[in-house]
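# next input, structure requested:
(2 chains)
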Amino acid sequence: ELKVEQNPLFLSMQEGKNYTIYCNYSTTSDRLYWYRQDPGKSLESLFVLLSNGAVKQEGRLMASLDTKARLSTLHITAAVHDLSATYFCAALDTGTASKLTFGTGTRLQVTL
Amino acid sequence: NAGVTQTPKFQVLKTGQSMTLQCAQDMNHNSMYWYRQDPGMGLRLIYYSASEGTTDKGEVPNGYNVSRLNKREFSLRLESAAPSQTSVYFCASSYRGRRGEQYFGPGTRLTVT
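As a prediction, this is how the structure comes out:
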């Protein structure tokens, strides 16, 4: 059974600082997704990582995937308040119909 | 292009009442999903439908039933609501291609008293 763990669960960081969110998964998966959720809203797709070594960047966010280590990271560079949200990673359950298993989420709070 | 739509947005039920949550997508996606989101637990899959005419249980199916009415619509039914089913429910859909990312609806906030 695929399990996905994220850490930290809560992250308070100052504007301008850098930090990384980690996403570990328990069994083989060759696709990893990152989503953003604002309070009271739905989930918005940020990144789709399709292969080992994949790196995607959008603004101050960069995501990477290491399938051998079963690890994905979401790196935040020079955080700004607008990045405050909850971030979820999800791994594809291999052999199923695009079934995803989600981590419990990381609540990011960027303070001045 | 509305994406994934869900109705209703909010609902309050008494224990034992039944209701159906509706979901529709206009992206011609093959697969559709129902999740529930509870504080501190992320999203948990209730049921999914890989393609029109098929449905399968997810992680937490007890107390729920689903119907894939056609390619566009996937409904979730609570036959006898319980307080433990108080949650936010999200419907999602995806295309069975290489990317396979799921697109989410706005959610239904359900309270069972």
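
# report the central residue of chain B.
B:Trp34 (2.8 Å; Cα atoms, centre = their mean).

# contact partners for it?
Listed by Cβ atoms under 8 Å, 6 or more residues apart in numbering or on different chains, the contact set of B:Trp34 reads B:21, B:23, B:45-48, B:58, B:64, B:66, B:74, B:76, B:89-91. In this view, the C-beta of every residue, glycine as well, is placed from N, C-alpha and C.

# just give me the neighbour total for the closest residue to A:Asp93 other than its chain neighbours.
Nearest non-adjacent residue to A:Asp93, counting by Cβ to Cβ, 6 or more residues apart in numbering or on different chains: A:Lys99, 4.3 Å away. Other residues within reach of A:Lys99, judged by other Cβ atoms under 10 Å in any protein chain shown, total 23.

# among the contacts of B:Trp34, which ones are buried?
B:21, B:23, B:45-48, B:58, B:64, B:66, B:74, B:76, B:89-91 (16 or more other Cβ atoms under 10 Å in any protein chain shown).

# next step: those restricted to strands.
For the buried ones among the contacts of B:Trp34, membership in strands holds for B:21, B:23, B:45-48, B:64, B:66, B:74, B:76, B:89-91, with DSSP state E as the criterion.

# export the buried ones among the contacts of B:Trp34 to JSON lines and tack on distance to A:Leu65 and pLDDT?
Listed next are these as JSON lines, based on distance: Cβ to Cβ, whole Å; pLDDT from 0 to 100:
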{"residue": "B:Leu21", "distance to A:Leu65": "33", "pLDDT": "98"}
{"residue": "B:Cys23", "distance to A:Leu65": "30", "pLDDT": "98"}
{"residue": "B:Leu45", "distance to A:Leu65": "22", "pLDDT": "95"}
{"residue": "B:Ile46", "distance to A:Leu65": "27", "pLDDT": "97"}
{"residue": "B:Tyr47", "distance to A:Leu65": "28", "pLDDT": "96"}
{"residue": "B:Tyr48", "distance to A:Leu65": "24", "pLDDT": "94"}
{"residue": "B:Gly58", "distance to A:Leu65": "24", "pLDDT": "92"}
{"residue": "B:Tyr64", "distance to A:Leu65": "33", "pLDDT": "98"}
{"residue": "B:Val66", "distance to A:Leu65": "32", "pLDDT": "98"}
{"residue": "B:Phe74", "distance to A:Leu65": "30", "pLDDT": "98"}
{"residue": "B:Leu76", "distance to A:Leu65": "32", "pLDDT": "98"}
{"residue": "B:Tyr89", "distance to A:Leu65": "29", "pLDDT": "98"}
{"residue": "B:Phe90", "distance to A:Leu65": "24", "pLDDT": "98"}
{"residue": "B:Cys91", "distance to A:Leu65": "27", "pLDDT": "98"}
